[in-house]
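>>> build me a model from this:
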Amino acid sequence: MKMKKKVNWENDIRLFGEYLRERENSAATIEKYLRDVRTFREYLEDREILDKNCLLQYKEWLSANYSVSSVNSMLVALNQFLVFLEAGSMKMRRVKVQPQRFRAAEKELGKTEFRRLVARARSDGKLQLAMIMETIAATGIRISELKFFRAKDVRRGMVRVYNKGKYRIVLIPEKMRKKLLIYMAETGIKDGPVFCTRTGKAKDRSNIWKEMKKTARAASVDAVKVFPHNLRHLFARIFYKTTGNLIHLADLLGHNSLEVTRIYTNDGMEEWRRSLEKMELID
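Predicted coordinates for the structure are as follows:
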């Protein structure tokens, strides 16, 4: 017998949000999952009975209207909702994608283009934006990790970030650390977060994205290439090209399952730092 599940949309979406918070999902993940579930609700036009047939039809609709990566990310969210509803047997498989061993060249941001972006931001008086772009490109952090850059951490050249349920150490190359120290002195930042709004709140990623796009157009850089995560890709490409060390790169990007108590040896740290200093990405 085919399984069916009745949904009370308003109540179940609210409880799903509480369920995600109890699981300690990040705020960004919770927001995305809830948004994706509401998209499913709109597709069903508030129909309250779910079955495998309507789920498969929704999957086809997603495939016709979104990119494969978006479809799969939305299916992940919906599958989590089904698990929450105790209807895990109705979960859907993600769309299979042929692995790509390369990124489209037209989407790759080059070192020269990156430096043009930074120079333009500075000439337009957007000093904080310039520093944000350089910090991401010099360390490989995610934009959501900017909030962990605090004055005391910049002074010691090492930041401890917590993301995706794990801690890791982010090293700041010496040239970047000096630039950040100058920036802090010029803007009067003595303690607390380095990148924040005038009211002290964390910078909104959507505003950073918009500022970067605007700067790209002014700098005659293809805006398609310019978004925060592409700076992380730039870091990864330059680091690997410089060192050929995938293991260190994986650690620096936070791709390994790191325990909170993981011990970093001094020798390992210094080897990482030497590799970072060789990149010469920051002027």
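
>>> which one is Ala130 nearest to, not counting chain neighbours?
Spatial nearest neighbour of Ala130, excluding adjacent residues (Cβ to Cβ, 6 or more residues apart in numbering): Ala121 at 3.9 Å. In this view, the C-beta of every residue, glycine as well, is placed from N, C-alpha and C.

>>> tell me the buried residues in the helix or strand where that neighbour lies?
Using DSSP states H and E, Ala121 falls within helix 111-123. Within helix 111-123, the residues that count as buried by 16 or more other Cβ atoms under 10 Å are Glu113, Phe114, Arg115, Arg116, Leu117, Val118, Arg120, Ala121.

>>> so the last one makes contact with Ala216?
No: with contact taken as Cβ atoms under 8 Å, Ala121 and Ala216 are classed as non-touching, separated by 9.9 Å.

>>> for the residue nearest to Ala130, give me its contacts.
Residues in contact with Ala121 (Cβ atoms under 8 Å, 6 or more residues apart in numbering) are Leu127, Leu129, Ala130, Met133, Glu211, Thr215.

>>> where does the stretch 51-200 of the chain have low pLDDT?
97-106, 164 (pLDDT under 70).

>>> so where do the strands sit in it?
Under the criterion DSSP state E, counting those that start in this stretch, strands of the stretch 51-200 of the chain are mapped to 158-163, 166-171.

>>> how about CSV for those, with distance to Asn8 and mean neighbour count added?
Output for these, formatted as CSV (distance: least, Cβ to Cβ, whole Å; neighbours: other Cβ atoms under 10 Å):
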stretch, distance to Asn8, mean neighbour count
strand 158-163, 34, 16
strand 166-171, 35, 18
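
>>> of all those, which one comes closest to Glu60?
strand 158-163 (34.1 Å; Cβ to Cβ).

>>> pairing partners for that closest one, with directions?
strand 166-171 (antiparallel) (DSSP bridges).

>>> local confidence estimate at Ala27?
The model reports Ala27 with a pLDDT of 89.

>>> and the gap between it and Phe239?
According to Cβ to Cβ, to the nearest Å, Ala27 and Phe239 sit 29 Å apart.

>>> and those two? Which one has more around it.
Phe239 (23 against 10; other Cβ atoms under 10 Å).
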